[in-house]
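Enquirer: model this:
(2 chains)
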Amino acid sequence: MSNVHNLQNDPEADVATESVLLEAVNLALHYEMQHDASVVVLGEDVGTNGGVFRATSGLKEAFGFKRVMDTPLAEALISGLAVGMATQGLKPVAEIQFMGFIFPAFEHLFGHAARMRNRTRGRMTCPMVLRAPYGGGIHAPEHHSESTEALIAHVPGVRVVIPSSASRAYGLLLAAIRDPDPVVFLEPKRVYRSNKQLLVNNGEALPLDKCFTLRQGKDITLISWGASITETLEAADQLETKGISVEVIDVATIKPMDMKTILMSVARTGRCVIIHEAARSFGVGAEIAAQVSETCFLNLLAPVQRVTGFDTHMPYFKNEEYYLPNTLDIVAAAEKCLKDG
Amino acid sequence: MKSINTVHSTDSFNSDFSSSEAGHTPLIQFELDYIQFINEHGNWVNDQPSFATEKWLVDAYKHMAMNRVFDQKAIALQRTGQMGTYPSSLGQEAFGVAIGMALETDDVFVPYYRDHGAHILRGHKIEDLFMYWGGDERGSATGPKQDFPVCVPIATQITHAAGAAAALKIKGQENIALVTIGDGGTSKGDFFEALNVAGAWQLPMVVLVNNNQYAISVPRAMQCGAPTLAQKAIGAGIHGIQVDGNDVVAVYQAILEARHRAKQHKGATLIEAMSYRLCDHTTADDASRYRDNDEVKQAWEKEPIKRLQTLLFNLNLWNPDKEQAWQNECADNVDQAVQRYLKVKQDTPESMFDHLYQDWPEAMSEQLDLLSKKIERMQD
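Expert: Numbers count the residues shown, from 1 in each chain, chains lettered A, B, ... in the order given. Next up, the predicted model:
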């Protein structure tokens, strides 16, 4: 984390540093707290310990305990506090330590944060961010590996944002904090430390509600988000060596979703594979497939394919590799899609 | 002995927003019992209870020593990549062992995740415990039929314990549901909700709080403004007591009293066992980031095993030869369990579909086919 701390001393430094996704989260939090006194951070172990993954490292030292609060161990409380703070002019960025423990927070997120603006006809709003590391692949204990983004995406009034790289983590987290509505910001912990990217700490946000086209192609569209982007890009590389031109879309904001970018791409390529780590049924992939069939049916050259986890519990880690979508799965699905057409 | 009705907070939020003095001013005055039988120097400080015979004391010591050997091996397995993240019970052996010894066969044990000593006494094979923390669901497949598996989501288990206690009461079964929880867990709504119903329904539930002073990095004073956790019982209308959690006799005695109360249909008991987490939260944690070494050094002076060993030495019930022999036996037992654990064949990938429903839903068959194709690709 040495880069983060150097920049922390000189937050205006417009220099590019090599950062991983985790450092990008930390950097964005530092930047926004420096520039907006209404931003506060709260959660379990976020202060003195700097978060169990160190995402909030250095914040308490830099901004003090009134803006970086170690809360009692209670997720319902954390999200409820965030609602209370957000309605009173603060911008809370609350951490749920692992997504597996987010469920008590749902009461406040769904029952209050998501509908406060609507039910008060705009009088009261909830500009809050709930951050949570999510997903499998790190050999974690039970309840530490699930991907339940679809549960949240199903509820109106909430944004669900998932970065897949350091630069998107930085820009999207800034956007999430600045957004006037509640945002659930899910961090794919499997790639927290995997790829370094050159990052300029200039406070520039990326747009929410926009997909990112990571690679342009004309034969097939691969659509994913979060950690699975890694395997999706690997699969695209392998397909390219076979002479297939692959478009890769990182959905990034799951809800509300930028269907326009997706539909334009699929209408052009006529082929589409959706990749996600979450269970297969009733997921975000199903929503994309439904909208593709509603809008692009006549442009499709082959049935839409999904590469997903199974409708089982995320297996405990000895067998988790058999659950997680891998590069071979994506290549196989893409080839099936290409052959079918 | 009575506990002192004050709390001192250290760095932070609570001290800043209260009056000029750090900490909280109690709103009402009350006293809670605090029980201790063997102090940190290994001396009796209370009348020796009748259950604590020479044999009982030696057994308790042996179980605690075994617990610690298991713990060290579990950490070694994790450090060498042969097991996953593991929450050590170092320094809290009296807690787990007293529970394991106090539970009766037909009681319902509802554990959290740091009760290894109790699990061993409850009949779990050591290799099964390794298997669980090694990322294999089969580690939860054994043990008494009515006991709950390890519970990871904080405090959720206590509402299940209330339900289990209600079931015992409805069935007219004279047992208890004994649930464990950490000091951090007492901050969750589940904790209050379960205590509340235990009071309202006078449930045969015994709640053991392992107050080891830290919820990962958050110290006890930052968790709750009340001077004790035991006093949370008062608001719920159940009995509350503090015990020296490093004194296996005190923890056992408190459970006995709680069982007696439950049997007389006088309701539930909250036992706050005062201990100290001498280890990191788990093998994924580094406690040196948030607490002083001096504090840990001082806590070592009060750890549970040494004091009982001193007592046994002084009573001529134990000696260095017996100690060496027992340490060797524990090491042998645990090593053999490690060998059995390492020989367990990894469960098949298809096993993730097992035990999902009692009856196989035909709609799931397509996914089983998808998995077979995936496995073929991975093996190519």
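Enquirer: Contacts only, for residue B:241.
Expert: Residues counted as contacts of residue B:241 (C-beta atoms under 8 Å, 6 or more residues apart in numbering or on different chains) are B:32-35, B:230, B:254, B:257, B:269-272. (C-beta placed from N, C-alpha, C; glycine too.)
Enquirer: got a markdown table for the residues you listed, with pLDDT too?
Expert: Shown next, in a markdown table, are the contacts of residue B:241 (pLDDT from 0 to 100):
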| residue | pLDDT |
| --- | --- |
| B:32 | 90 |
| B:33 | 93 |
| B:34 | 96 |
| B:35 | 96 |
| B:230 | 97 |
| B:254 | 98 |
| B:257 | 98 |
| B:269 | 98 |
| B:270 | 98 |
| B:271 | 98 |
| B:272 | 98 |
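Enquirer: so residue A:146 makes contact with residue A:136?
Expert: Yes - counting by C-beta atoms under 8 Å, residue A:136 is a contact partner of residue A:146 at 7.5 Å.
Enquirer: Name the residues contacting each of those two.
Expert: residue A:314.
Enquirer: So which of the contacts of residue B:241 reach chain A?
Expert: Restricting the contacts of residue B:241 to those within reach of chain A (C-beta under 8 Å from any C-beta of the partner chain) leaves nothing.
Enquirer: neighbour-wise, which of those leads?
Expert: Of all those, the most densely surrounded is residue B:271 (32 neighbours; neighbours counted as other C-beta atoms under 10 Å in any protein chain shown).
Enquirer: Apart from its neighbours in sequence, what residue is nearest it?
Expert: If the residues on either side of it in the chain are set aside, residue B:271 comes closest to residue B:254, at 4.7 Å by C-beta to C-beta, 6 or more residues apart in numbering or on different chains.
Enquirer: Just to check, that neighbour is in contact with residue B:272?
Expert: No - Residue B:254 is not in contact with residue B:272 according to C-beta under 8 Å; the separation is 9.3 Å.
Enquirer: Give the residues shared as contacts by the two.
Expert: Contact with both residue B:254 and residue B:272 is made by residues B:241, B:243, according to C-beta under 8 Å, 6+ apart.
Enquirer: Quick check: pLDDT value at residue 118.
Expert: Picking chain A for this. In this model, residue A:118 is scored at 97, pLDDT.
Enquirer: The chain in question should be chain B.
Expert: Here, the pLDDT recorded for residue B:118 equals 98.
Enquirer: Would you check that it makes contact with residue B:102?
Expert: No - when contacts are counted by C-beta under 8 Å, residue B:118 is not listed as touching residue B:102 (9.2 Å).
Enquirer: following the worst-scoring helix or strand of chain A on mean pLDDT, which helix or strand shows up next?
Expert: For chain A, counting by mean pLDDT, DSSP states H and E, helix A:2-9 ranks last in confidence among helices and strands (a mean of 45). Where DSSP states H and E defines the elements, the next helix or strand beyond helix A:2-9 is strand A:16-19.
Enquirer: residue ranges with poor pLDDT in chain B?
Expert: Within chain B, the ranges that satisfy pLDDT under 70 run B:1-28.
Enquirer: quick one, helices of it?
Expert: Per DSSP state H, chain B carries helices over the ranges B:13-17, B:54-79, B:93-102, B:116-121, B:126-133, B:156-171, B:189-200, B:220-223, B:232-236, B:248-263, B:293-300, B:304-314, B:320-343, B:365-379.
Enquirer: which one of the ones you listed is the most hemmed in?
Expert: The densest packing among the helices of chain B, expressed as mean neighbour count by mean count of other C-beta atoms under 10 Å in any protein chain shown, is seen in helix B:93-102 with a mean of 28.
Enquirer: so what's residue A:223 bridging to?
Expert: On the basis of DSSP bridges, residue A:223 takes part in beta bridges with residue A:249, residue A:274.
Enquirer: Might you report the residue contacts of residue 93?
Expert: Picked chain A for this. By C-beta under 8 Å, 6+ apart, the contact set of residue A:93 is A:29, A:32, A:39-42, A:128-129, A:131, A:177.
Enquirer: Chain B is the one I meant
Expert: Under the criterion of C-beta under 8 Å, 6+ apart, the contact partners of residue B:93 comprise B:63-64, B:67-68, B:71, B:117, B:248, B:304-305.
Enquirer: do residue A:89 as well
Expert: Taking C-beta under 8 Å, 6+ apart as the definition of contact, the neighbours of residue A:89 are residue A:38.
Enquirer: again, 10 Å this time
Expert: If a contact means C-beta atoms under 10 Å, 6 or more residues apart in numbering or on different chains, then residue A:89 has A:38, A:127 as its contacts.
Enquirer: Secondary structure element holding it?
Expert: According to DSSP H and E, residue A:89 maps onto no helix or strand at all.
Enquirer: And it, how far from residue A:78?
Expert: Using C-beta to C-beta, to the nearest Å, we find residue A:89 at a distance of 19 Å from residue A:78.
Enquirer: What's the separation between the spatially most central residue of chain A and chain B?
Expert: In chain A, the residue lying closest to the centroid (C-alpha atoms, centre = their mean) is residue A:162, at 1.1 Å. Between residue A:162 and chain B the distance is 23 Å, computed by C-beta to the nearest C-beta, to the nearest Å.
Enquirer: Give me the neighbour count for the residue lying closest to residue B:143 once chain neighbours are set aside.
Expert: Nearest residue to residue B:143 in three dimensions, chain neighbours excluded: residue B:124, at 4.9 Å (C-beta to C-beta, 6+ apart). Taking other C-beta under 10 Å as the neighbour definition, residue B:124 ends up with a count of 20.
Enquirer: Just confirm residue B:124 contacts residue B:96, I think it does.
Expert: No - between residue B:124 and residue B:96 there is no contact, the gap being 11.6 Å when judged by C-beta atoms under 10 Å.
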